[in-house]
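Asks: Below are the sequence and a predicted model; questions follow.
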Amino acid sequence: MKVRQLSVFIENKAGRVSDVTDALGGQDVNIRGFSVSDTADYGILRLIVDDPDKGAAVLKAGGFTVKENDVICIDLPDQPGGLATVLKIVSGAGVNIEYVYSLISTYVVINVADADRSLKLLDNKPVRLVSQEEIARV
């Protein structure tokens, strides 16, 4: 069983990821998972959405460059070694694993240029920050 992924190529500058997510949200396309990778000049925002046909159309209409491809989605056991076990099955057969990211969690990691400033910006906003200790208990 395959899942369709949308890869959006964006400039590496403030607001571009927000532009993509705003476009999708504005058309009722729900993001189920995502990953962002970057270089100095550009980034690739990989998305799993509830309606990939509509999502791709919305983004293309918004002027974004979008590539669609099939990926595999796995429901891992929540236990130590769960991910490693699955990855070993594939890589052990000589298949290269190009990247991995998670879906449907409401916990999101954001790597920013200035963490302290960003934390101050989020203070008293409708955002719940998650601590390392809380992650350890999940």
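Replies: All right, it came through fine.
Asks: Look up how far residue 117 lies from the residue nearest the centre of the chain.
Replies: In the chain, the residue lying closest to the centroid (CA atoms, centre = their mean) is residue 34, at 1.4 Å. For residue 34, the distance to residue 117 (CB to CB, to the nearest Å) stands at 23 Å. Placement of C-beta: from N, CA and C, glycine included.
Asks: related to what we said a few turns ago, in which helix or strand does the residue nearest to the centre of the chain reside?
Replies: Using DSSP states H and E, residue 34 sits in strand 31-38.
Asks: next structured bit after that strand?
Replies: Heading C-terminal from strand 31-38 (DSSP H and E), you reach strand 42-49.
Asks: Can you pull out the residues in contact with that next one?
Replies: If you take CB atoms under 8 Å, 6 or more residues apart in numbering as the criterion, strand 42-49 is touched by 3-12, 16-17, 20, 24, 29-38, 55, 71, 73, 99, 101, 103.
Asks: Which pLDDT does the model give the nearest residue to residue 52 once chain neighbours are set aside?
Replies: Using CB to CB, 6 or more residues apart in numbering and skipping residues adjacent in sequence, the residue nearest residue 52 is residue 4, 4.2 Å away. What the model reports for residue 4 is a pLDDT of 89.
Asks: check contacts around the residue in the chain sticking out farthest from the centre.
Replies: Distance from the centre of the chain peaks at residue 93, with 26.8 Å (CA atoms, centre = their mean). Listed by CB under 8 Å, 6+ apart, residue 93 has no contact partners.
Asks: Over to residue 29. Which of the three states is it?
Replies: Three-state call for residue 29 (DSSP: H, G, I helix; E, B strand; the rest coil): coil.
Asks: mind listing what it touches?
Replies: 49, 50, 51, 54, 55, 58.
Asks: Name the member of those that has the highest neighbour count.
Replies: residue 55 (25 neighbours; other CB atoms under 10 Å).
Asks: With adjacent residues omitted, what lies nearest to that one?
Replies: Spatial nearest neighbour of residue 55, chain neighbours left out: residue 49 (4.1 Å); criterion: CB to CB, 6+ apart.
Asks: So that neighbour versus residue 93, what's the distance?
Replies: 30 Å.
Asks: give me the number of residues near residue 40?
Replies: Using other CB under 10 Å: residue 40 sits among 5 other residues.
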